[in-house]
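[1] here are the coordinates; sequence isn't available:
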């Protein structure tokens, strides 16, 4: 298979690993890229030199393309941009904020960018700014989410822009990939599926929690304060729900949410930490290598579209 | 095309028209069934004799299968069940509530039932109760919604039950049908697409509003009180948002919501009425006959799956 996403990113399979704070480090990123997909380093509020270390690790492990994610609203966003340019990273992924000030710097450095968006309007804006690929993320995704759902977002984004669309949110299998492509996407992004990969360095408790969880365990917190986050129901999400009931101010949410992702992902506290995962979690049932995840997804994709033809 | 949904319902195309209060009357239902799909009469809180009139109208207009929707929590649910039995309606669709008490009566009358569900757990329950077909409705649907999204709900329901699954929520085109089938569905249900059909008798203002709306106009009200409804943003949805901000009691919502669907659908007040529609509304761009909607959807479906095969 080759298509515009493969060509734009220089990859074999149009499968992107979504950037996940405290999850997508050099180990995960390098393994995805080496397996023919597209790894994306998370940076969020990280310090510049820490990200430089991760970039160097990826480069030692693979010569294949990868990206660094830049969370534009982060206080260290400009630092991360600088280190990406200094280290000649081939691509950056721009998320959460207006990337306009960064565009001239990227152009000058010859770095192409992908953009993750939550609305059709943002997709149109990112095409105007020169994004090579636009990742449309449905609210079935884990972590910070918008309101669009993949089933409706993908085709409406495809209808609105000409650059290739990658579908994110709710995809963990070849069935999901076939659905996304039926809606006009030319690539998929997976997060939850890669969290339980062998190369992912998160705490085993989180992997076990995801493998055990089913769709009913997926909840959204923070909608009231327009800070919606999808994660696995636990004591933390109950505490957020209690704040909702009490009509508590946003500061109360921040107080219990601070450091919660680190607590789960790195310390293994899946009871009081934030276990971010997508609504497709019920179909993530075993730990595999990233290469197996990618190969299985592509093989299933090919099977599904042949079955569709036979049925028609 | 034939499959288990076509066989179970005795229809040519596995396309169901979703029951919509003040929208899916005999005119819409008969036209969908006559065109080879499956029309479903809405009943909600209607009086028994009014529904009898609609059933008789459908029967005069078509000899093909159709169903009456029964909203189980409605005060008139038992009356509607009785008239469905008296009029020997071939199928009923059971929604919103526990249908268990109705099952022996349906069995005795030889009436098969479909069930609309919002969670995987409900799907399993409805299979146990003997549903012929289970409609899994994603939250991208218009009207009253749950939390699951179609992209994740369809495959997780398919994995959990053996009866055929019909996908509802976010589908208005052959692309959406192909996506649903890629995820394992054997039929689709459409609502918004049929609202703008020529045979639909709702006020022209509503059809015009849907044709003009894009995905950004789709909002969800009432989540705070676990009474989520998806509709088109207008003065009514702003008023609900204001109640959210004020932390108002549920009675205040009921006061402004009462009769709001009738006001829009029948009186044409799309500013203060409730204009229920799905998140796919941006792809609903013209008024067609129900036969054209069905034929175009099937033709596009066939084109899409052939394109997928060519690209692979």
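    Arrived safely, thanks for sending. Small disclaimer: the values here were computed from a predicted structure and weren't measured. Numbering: from 1, shown residues only, chains lettered A, B, ... in the order given.

[2] next SSE downstream of the lowest-mean-pLDDT helix or strand in chain A?
    In chain A, no helix or strand scores lower on mean pLDDT, DSSP states H and E than helix A:250-257, which sits at a mean of 93. Once helix A:250-257 ends, the next helix or strand along the chain (criterion: DSSP states H and E) is helix A:260-265.

[3] and the strands in chain A, which stretches?
    A:15-17, A:39-41, A:66-71, A:91-95, A:112-117, A:133-137, A:143-144, A:165-168, A:187-190, A:218-221, A:229-232 (DSSP state E).

[4] what's the closest of these to residue B:89?
    strand A:218-221 (37.0 Å; Cβ to Cβ). For glycine as for every other residue, the C-beta is placed from the backbone atoms N, C-alpha and C.

[5] can you point out the buried residues in that closest one?
    A:218-221 (16 or more other Cβ atoms under 10 Å in any protein chain shown).

[6] can you count the residues close to residue A:114?
    28 (other Cβ atoms under 10 Å in any protein chain shown).

[7] same question but for residue A:245, I mixed them up
    Residue A:245: 9 neighbours (other Cβ under 10 Å).

[8] kindly report the same for residue A:236.
    Neighbour number of residue A:236 under other Cβ under 10 Å is 23.

[9] rewinding a little: can you put the strands of chain A in a markdown table and add distance to chain B and mean pLDDT?
    Formatted as a markdown table, the strands of chain A follow (distance: least, Cβ to the nearest Cβ, whole Å; pLDDT from 0 to 100):
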| stretch | distance to chain B | mean pLDDT |
| --- | --- | --- |
| strand A:15-17 | 14 | 98 |
| strand A:39-41 | 21 | 98 |
| strand A:66-71 | 23 | 97 |
| strand A:91-95 | 19 | 97 |
| strand A:112-117 | 12 | 97 |
| strand A:133-137 | 11 | 98 |
| strand A:143-144 | 15 | 96 |
| strand A:165-168 | 9 | 98 |
| strand A:187-190 | 11 | 98 |
| strand A:218-221 | 7 | 97 |
| strand A:229-232 | 10 | 98 |
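
[10] distance to residue B:166 added to these, as a markdown table?
    As requested, those are arranged in a markdown table below (distance: least, Cβ to Cβ, whole Å):
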| stretch | distance to residue B:166 |
| --- | --- |
| strand A:15-17 | 29 |
| strand A:39-41 | 36 |
| strand A:66-71 | 38 |
| strand A:91-95 | 35 |
| strand A:112-117 | 30 |
| strand A:133-137 | 25 |
| strand A:143-144 | 31 |
| strand A:165-168 | 22 |
| strand A:187-190 | 24 |
| strand A:218-221 | 22 |
| strand A:229-232 | 26 |
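
[11] wait, which of those is closest to residue B:237?
    Taking the strands of chain A one by one with Cβ to Cβ, strand A:218-221 is closest: 19.2 Å.

[12] spatially, what comes nearest to residue A:231 if we skip its sequence neighbours?
    Nearest non-adjacent residue to residue A:231, counting by Cβ to Cβ, 6 or more residues apart in numbering or on different chains: residue A:276, 4.7 Å away.

[13] touching, the one you found and residue A:20? I think so.
    Yes. Assessed by Cβ atoms under 8 Å, residue A:276 is found in contact with residue A:20 at 7.1 Å.

[14] how about the residues of the stretch 1-150 of chain A near chain B?
    A:1, A:3, A:119-121, A:138-140, A:147-150 (Cβ under 8 Å from any Cβ of the partner chain).

[15] which of those residues sit farthest apart?
    Farthest pair in the residues of the stretch 1-150 of chain A next to chain B (Cβ to Cβ) is A:1 and A:147. Separation: 31.5 Å.

[16] look at the two and report which has more neighbours.
    residue A:147 (20 against 14).

[17] from residue B:149, how far out is that one?
    Relative to residue B:149, residue A:147 is positioned 11 Å away (Cβ to Cβ, to the nearest Å).

[18] which neighbours do these two share?
    Here residue A:147 and residue B:149 have residue A:139 as joint contacts, going by Cβ atoms under 8 Å, 6 or more residues apart in numbering or on different chains.

[19] so for the nearest residue to residue A:130 once chain neighbours are set aside, what's the pLDDT?
    Spatially, and ignoring its direct neighbours in sequence, residue A:130 is nearest to residue A:103 (6.4 Å; Cβ to Cβ, 6+ apart). In this prediction, residue A:103 carries a pLDDT score of 95.

[20] residue contacts, residue A:103?
    Contacts for residue A:103 (Cβ under 8 Å, 6+ apart) come out as A:113, A:129-130.

[21] return the members of those residues classed as buried.
    A:113, A:129.

[22] thought residue A:145 was touching residue A:119, still the case?
    No. Between residue A:119 and residue A:145 there is no contact under Cβ under 8 Å: 11.7 Å.

[23] neighbours around the residue nearest to residue A:304 when sequence neighbours are not counted, how many?
    Leaving out its chain neighbours, the residue that sits closest to residue A:304 by Cβ to Cβ, 6+ apart is residue A:178, at 4.2 Å. By the criterion of other Cβ under 10 Å, residue A:178 has 29 neighbours.

[24] residues in contact with residue A:178?
    A:301, A:304-305, A:308, B:179, B:182-183, B:308.

[25] ok, of these, which one's closest to residue A:280?
    Nearest member of these to residue A:280, counting by Cβ to Cβ, is residue B:183, at 10.5 Å.

[26] that closest one: what's it in contact with?
    For residue B:183, the contacting residues are A:175-176, A:178-179, B:150-151, B:154-155, B:158, B:167, by Cβ under 8 Å, 6+ apart.
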